[in-house]
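Trainee: Please find the sequence and the predicted model below.
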Amino acid sequence: MADSANAKGHRRRAAGGKPSNPAVTADRSAAAGNTVRPTREPDRSQSRAGQARRRPVENVLRPTVRRDRGRPASAPAAVPGRNAAHGSPSSSARAAAATAAQGGAPSGQAASNEAAVPEPIRQRFVQVGRKYHFPDGTRAFTDRGSRLTTASENTEVIRSLVMIAQARGWSDVTVSGTERFRKEAWFTAKLAGLTVRGYRATQFEQERLARSLARRDGHPQRDFDHPAQEPTDAERDAPAVSPTGRDRVLWGRLIDHGRATYHHDPHEPMSYFATVETERGERTVWGVDLERAFRESLTRPQVGEEIGLRPVRKDAVTVKAPERDAEGRVVGERDLQTHRNHWVVEKREFFDARATVAQTVRDTSVAPGEAVKEHPELAGTYLYLRGAEELARRRIRDPEDQRRFVDTVRTALADSVARGEPLAAVRLRERTAARPARAAERDPAPTRG
């Protein structure tokens, strides 16, 4: 019995077993500081999600592979160049069939076009193997022969991909990737006359394409939804809008807006953009403050509506700019002194109404009470004007100088109204706020003894 027990103990120790006495186990564990706890399995789904967020989306433009679904699978079509001895198509025949399925040229021409890259693109980018870079070193796209890939949504990159597709005879292309890439690739490729799959355009985007084609082909254009008409009296008397400076307004039909990396370059910092369709073509404006301007817009413009974008002032700011070496690699940062525009974004009718209201402020024959009764939003503006008159009477002796000072303030207020800036608010004094303070002085809080 003892030998049997000793043998079992040896076998347990040999097998790495633990002592059978639980008290001894607990004492030894406590002395050694050991801990028994459940094993925590890593959350692989979160890990994969994190990797997906870090990995940029691959945008792809490639020729569409069409399959003839009407032909029965048991009766394949005869392919030129079939090997009679083995009953299977040769490699050259398979290549010719694949090219024909893509709607391309014969295999010999497809081989010559496979590496075709237009000369303007070779001059615009720096080629390193299959990769094409901007001159500053930022990667633009990768040429994989049968498909073109990029992590960018840059308009110039998308236009270059479409040019390459045209040079290679890809009359039917498929796009995949981010929403914006597919939308812009669809528009650019359709403008070039290609058939595009992978994106379903909205009614507005179809109309935008038609207007762009009409402009390109020289068809006469009407001014959006506003037919030509005589200017109003307020528009005749209002000062002319200067082409530069803070009075400049960019008019157009809103195509898109949102947060994105600057110029849709994944290596640039986040900014905000707005793209509008003007009479001369499309324009994209960038500015961090555009996000606030759209959020605080009183008319809440939507895609497809005609809007005006107006910079009303410039604020001096210091930003971090990357420093690059001769090969385009980022090697550090430097402080860059620049400015940041403060924007107003509203529908056209908003600016038309503001022009009329501004003319009321300029008109000295209109009594303040009458003006505020007709335009209650001008109450704060006329309070500022009244304050300027009181200040002129107290500080300026010459009546003519007083009048010039008030006229200057009136003009500045009217210009601010016309630009669409927020109107001066009426601030009421709260006299009751001082009463608790006086009571606190009479009844001081008790102190600790």
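Mentor: Structure received.
Trainee: least trustworthy helix or strand in the chain by mean pLDDT?
Mentor: Taking mean pLDDT, DSSP states H and E as the measure, the chain has helix 233-237 as its least confident helix or strand, at a mean of 36.
Trainee: after that one comes which helix or strand?
Mentor: strand 250-261 (DSSP states H and E).
Trainee: Downstream of that next one, the next helix or strand is which one?
Mentor: Taking DSSP H and E, what comes next after strand 250-261 is strand 270-278.
Trainee: who does that next one pair up with?
Mentor: Applying DSSP bridges, strand 270-278 is found paired with strand 250-261 (antiparallel), strand 281-286 (antiparallel).
Trainee: Return the most buried member of the ones you listed.
Mentor: strand 250-261 (a mean of 18; mean count of other CB atoms under 10 Å). (Each C-beta comes from the backbone N, C-alpha and C, glycine too.)
Trainee: Outside of that strand itself, list whatever touches it.
Mentor: 153, 180, 183, 208, 224, 267-278, 282-283, 285, 290-291, 294, 301-310, 348 (CB atoms under 8 Å, 6 or more residues apart in numbering).
Trainee: wait, doesn't residue 63 sit right on residue 166?
Mentor: No. Assessed by CB atoms under 8 Å, residue 63 is found out of contact with residue 166, at 11.5 Å.
Trainee: Look at those two and report which has more neighbours.
Mentor: Set residue 63 next to residue 166 and count neighbours by other CB atoms under 10 Å: residue 63 wins out with 23 against 17.
Trainee: Who does that one form a beta bridge with?
Mentor: Here residue 63, judged by DSSP bridges, has bridge partners residue 173.
Trainee: Which pLDDT value does the model give it?
Mentor: Predicted confidence (pLDDT) for residue 63: 95.
Trainee: same question, the one 5 residues further on
Mentor: pLDDT, residue 68: 55.
Trainee: likewise residue 60?
Mentor: pLDDT recorded at residue 60 is 96.
Trainee: max-length helix in this structure?
Mentor: Counting residues, the longest helix found in the chain (DSSP state H) is helix 399-419.
Trainee: Check what contacts that one and list those residues.
Mentor: Contacting residues not belonging to helix 399-419 are listed as 238-239, 246-247, 310, 312, 344, 351, 354-355, 357-359, 361-362, 364, 378, 381, 384-385, 388-389, 392-393, 396, 423-424 [CB under 8 Å, 6+ apart].
Trainee: and with 7 Å instead?
Mentor: The contact list for helix 399-419, computed with CB atoms under 7 Å, 6 or more residues apart in numbering, reads 238, 247, 310, 312, 344, 354-355, 357-358, 361-362, 381, 384-385, 388-389, 392-393, 396, 423.
Trainee: now stretch 361-374
Mentor: Contacts for stretch 361-374 (CB under 7 Å, 6+ apart): 360, 378-379, 381-382, 410, 413-414, 417.
Trainee: Give me the neighbour count for residue 354.
Mentor: 19.
Trainee: That one: what's it in contact with?
Mentor: 417-418, 420 are the contacts of residue 354 under CB under 7 Å, 6+ apart.
Trainee: cool, and residue 140?
Mentor: 125, 132-134, 150, 152, 157.
Trainee: now residue 161, what's its secondary structure?
Mentor: helix (DSSP: H, G, I helix; E, B strand; the rest coil).
Trainee: Could you check how far it is from residue 189?
Mentor: As defined by CB to CB, to the nearest Å, residue 161 lies at a distance of 9 Å from residue 189.
Trainee: How about residue 330?
Mentor: Distance of residue 330 to residue 189, computed by CB to CB: 33 Å.
Trainee: Mind listing the residues bridging to the nearest residue to residue 339 once chain neighbours are set aside?
Mentor: Nearest residue to residue 339, sequence neighbours excluded (CB to CB, 6 or more residues apart in numbering): residue 314, at 4.2 Å. Assessed by DSSP bridges, residue 314 has beta-bridge partners residue 341.
Trainee: So for stretch 59-69, what gets flagged as buried?
Mentor: For stretch 59-69, the neighbour count (16 or more other CB atoms under 10 Å) marks 59-64 as buried.
Trainee: before we move on, what about stretch 264-280?
Mentor: The neighbour-count check on stretch 264-280 (16+ other CB under 10 Å) flags 264-265, 271-277 as buried.
Trainee: In those, find the pair that's most separated.
Mentor: The two members of those with the most space between them (CB to CB) are 265 and 277, at 22.8 Å.
Trainee: picking that back up, I'd like to know which of the contacts of helix 399-419 are buried.
Mentor: Among the contacts of helix 399-419, those that count as buried by neighbour count (16+ other CB under 10 Å) are 238, 247, 310, 312, 344, 354-355, 357-358, 361-362, 381, 385, 388, 392, 423.
Trainee: Quick one: list the elements packing against the helix or strand hosting residue 390.
Mentor: Using DSSP H and E, residue 390 sits in helix 379-395. Applying 3 or more CB pairs under 7 Å, 6 or more residues apart in numbering; DSSP states H and E, we find helix 379-395 packed against helix 368-374, helix 399-419.
Trainee: Could you provide these in a markdown table, with additional columns for mean pLDDT and distance to residue 203?
Mentor: Putting the helices and strands packed on helix 379-395 into a markdown table (pLDDT from 0 to 100; distance: least, CB to CB, whole Å) gives the following:
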| stretch | mean pLDDT | distance to residue 203 |
| --- | --- | --- |
| helix 368-374 | 91 | 40 |
| helix 399-419 | 92 | 34 |
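Trainee: Switch those helices over to TSV; also include mean neighbour count and distance to residue 201.
Mentor: Formatted as TSV, these follow (neighbours: other CB atoms under 10 Å; distance: least, CB to CB, whole Å):
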stretch	mean neighbour count	distance to residue 201
helix 368-374	13	46
helix 399-419	17	36
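Trainee: returning to what we had before: settle it for me: which of residue 161 and residue 189 has more neighbours?
Mentor: Here residue 161 and residue 189 are compared on neighbour count by other CB under 10 Å; more neighbours surround residue 161, at 29 against 24.
Trainee: didn't the more buried one look like it was pressed against residue 143?
Mentor: No. Counting by CB atoms under 7 Å, residue 161 does not reach residue 143; the two are 9.3 Å apart.
Trainee: mind checking the SS state of residue 343?
Mentor: Three-state assignment for residue 343 (three-state DSSP): strand.
Trainee: Can you get me a residue count around it?
Mentor: Residue 343 has 24 neighbouring residues, counting by other CB under 10 Å.
Trainee: got a list of what it touches?
Mentor: 287, 289-290, 293, 309-311.
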